[in-house]
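# pasting the structure only:
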């Protein structure tokens, strides 16, 4: 009888352990989320900041303006239950939303991620400031996003000339680089780390060095810097 009780206790203990999330494992899992979601208050990337997400109504972070209508009208308030359903399958949780993430089917992985989020999303959380808490300040290529107000002349754009299918970018050090038109992207960054008005940045965007982004402080700079001119 004692043997049966001991086995029963071990099984129950194992189930309890499984039902609990592990913060460390969740922190590693969050690296897959951190390319699109920051843990810093109001620092929005592709998706909204997750800082203070617990207890927040979905689609209501004032500093984020790209919510889908489906999410804004869902009425969901984020807690363990709703976040678990969202992480498992965003389209099933809120049909018609624009989240491209397919979801995490493994229940233990979701519990681990929730355990991490519950601590890391608290305002002032020490975990959120950890350099290993995710990739919130990282580019897709793996390099840290630079402060675009503090760049060397070789990274500052003086002019952009367009001819046929080619863009020629002249930087402040006088050098010229040519890009196939589909390999050069034009973006804006109005945030505190964005470029100074009148000084757009040239940022590498491809592993082979054949792609780049020209990042402006505002879209009205496009017409000033990008000129169609075939010599």
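Yes, it's here. Just so it is clear, the model here is predicted, and its values are computed rather than measured.
# what ranges of the chain fall below the confidence cut-off?
Applying pLDDT under 70 to the chain flags the ranges 1-19, 128-145, 207-208.
# in this protein, which residue is closest to the centre?
Compute the mean C-alpha point of the chain, and by CA atoms, centre = their mean the closest residue is residue 36, 1.7 Å away.
# Check whether that one really touches residue 46, as I assumed.
Yes: contact between residue 36 and residue 46 holds when scored by CB atoms under 8 Å: they sit 4.1 Å apart. Yep, even glycine has a C-beta here, placed from its N, CA and C like the rest.
# any idea which element residue 178 lies in?
Here residue 178, judged by DSSP states H and E, is contained in strand 176-180.
# where exactly do the helices run in the protein?
Listed in chain order, the helices of the chain (DSSP state H) span residues 2-19, 23-29, 69-72, 80-88, 90-93, 107-120, 222-225.
# Out of those helices, which one sits most buried?
Of all those, helix 107-120 carries the top mean neighbour count, a mean of 20, counting by mean count of other CB atoms under 10 Å.
# List the contacts of it.
18-23, 25-27, 29-30, 33, 39, 50, 53-54, 80, 83-84, 87-88, 104, 125, 127-128, 133 (CB atoms under 8 Å, 6 or more residues apart in numbering).
# circling back to that earlier point, who does the strand holding residue 178 pair up with?
strand 166-171 (antiparallel) (DSSP bridges).
# Next, find the distance separating the spatially closest residue to residue 149 that is not a sequence neighbour from residue 168.
Leaving aside its sequence neighbours, residue 149 sits nearest to residue 196 (CB to CB, 6 or more residues apart in numbering; 5.3 Å). Look at residue 196 and residue 168: by CB to CB, to the nearest Å, they are 23 Å apart.
# Could you list the domains of this protein?
For the chain, automatic domain parsing gives the domain ranges 2-120, 153-228.
# Redo those domains as JSON lines? Include distance to residue 146.
What follows is the domains of the chain, written out as JSON lines (distance: least, CB to CB, whole Å):
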{"stretch": "domain 2-120", "distance to residue 146": "15"}
{"stretch": "domain 153-228", "distance to residue 146": "7"}
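# nearest to residue 147, of those domains?
Ranking the domains of the chain by distance to residue 147, with CB to CB as the measure, places domain 153-228 first at 4.8 Å.
# rewinding a little: redo the helices of the chain as CSV? Include distance to residue 62.
Written out in CSV, the entries for those read as follows (distance: least, CB to CB, whole Å):
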stretch, distance to residue 62
helix 2-19, 35
helix 23-29, 27
helix 69-72, 12
helix 80-88, 20
helix 90-93, 22
helix 107-120, 21
helix 222-225, 28
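# Right, I'll call it a day here.
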